[in-house]
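[1] what shape does this take:
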Amino acid sequence: MAESRGIPVRLLTITFLILVAITISVSVQVVGALLIFTLLIGPPATAMRIVQRPLWTIVIAIFLGVCYTWLGIFFAANGLFGISGTDMWPASVYITSLSFGVYLPVRLFSPLWIGRKTRKHTSAPLKSEATLSQERSDNHDRLVYRTKDVLEIFQVRGK
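    Numbering: from 1, shown residues only. Now for the predicted structure:
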């Protein structure tokens, strides 16, 4: 759709991928590969299972990423959920656990509401391969006859 409106999709895709690559290469040294992977994949994967609209997916993914980060830092600062009272785990452990802990139930239960949405919108029965093949053949024949008619009209006008 964007391409049909004249937006340079290929250029934007390449620019976006370059920005993601630069962001990852700079931040991997600071926060680690696991945390980057978790924050790049976890929130968008969860958001895509919750909503189907791209804008809402982005908004929810940003919200989830910020919440995971804040909660992970809070849990790490307070030493919560450690095995013993002196255990201090890094924030990345909590952030990754939160991301997985939210994604798993959403992944398991999302077919319930995703299936319900698709069943509402698909009221037409599926067509067999033979019916589709016949429709393609009919459309092709109509196109051939229209082309012949147009050529005959131009030949008559040219004389």
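[2] can you list the low-confidence ranges for the chain?
    Of all residues in the chain, those with pLDDT under 70 make up the ranges 1-3, 81-87, 115-127, 132, 139-140, 143-151, 154, 156-159.
[3] could you pull out the helices for it?
    The residue ranges that make up the helices of the chain, judged by DSSP state H, are 9-31, 33-50, 54-78, 91-121, 129-158.
[4] would you mind finding the most buried of these?
    Comparing the helices of the chain by mean neighbour count (mean count of other C-beta atoms under 10 Å), helix 33-50 comes out on top with a mean of 18. From N, CA and C alone the C-beta is placed, and that goes for glycine too.
[5] what angle do that helix and helix 9-31 make?
    For the pair helix 33-50 and helix 9-31, the angle between their directions (axes from the mean of the first three to the mean of the last three C-alpha atoms, to 10 degrees) equals 130 degrees.
[6] name the residues that touch helix 33-50?
    Outside of helix 33-50, the residues within contact range by C-beta atoms under 8 Å, 6 or more residues apart in numbering are 20, 24, 27-28, 56-58, 60-65, 68-69, 92, 95-96, 99-100, 102-103, 106-107, 110, 114.
[7] same question, stretch 91-111
    Counting by C-beta under 8 Å, 6+ apart, stretch 91-111 makes contact with 31-32, 34-35, 38-39, 42-43, 45-46, 49-50, 64, 67-69, 71-73, 75-76, 81, all of which sit outside it.
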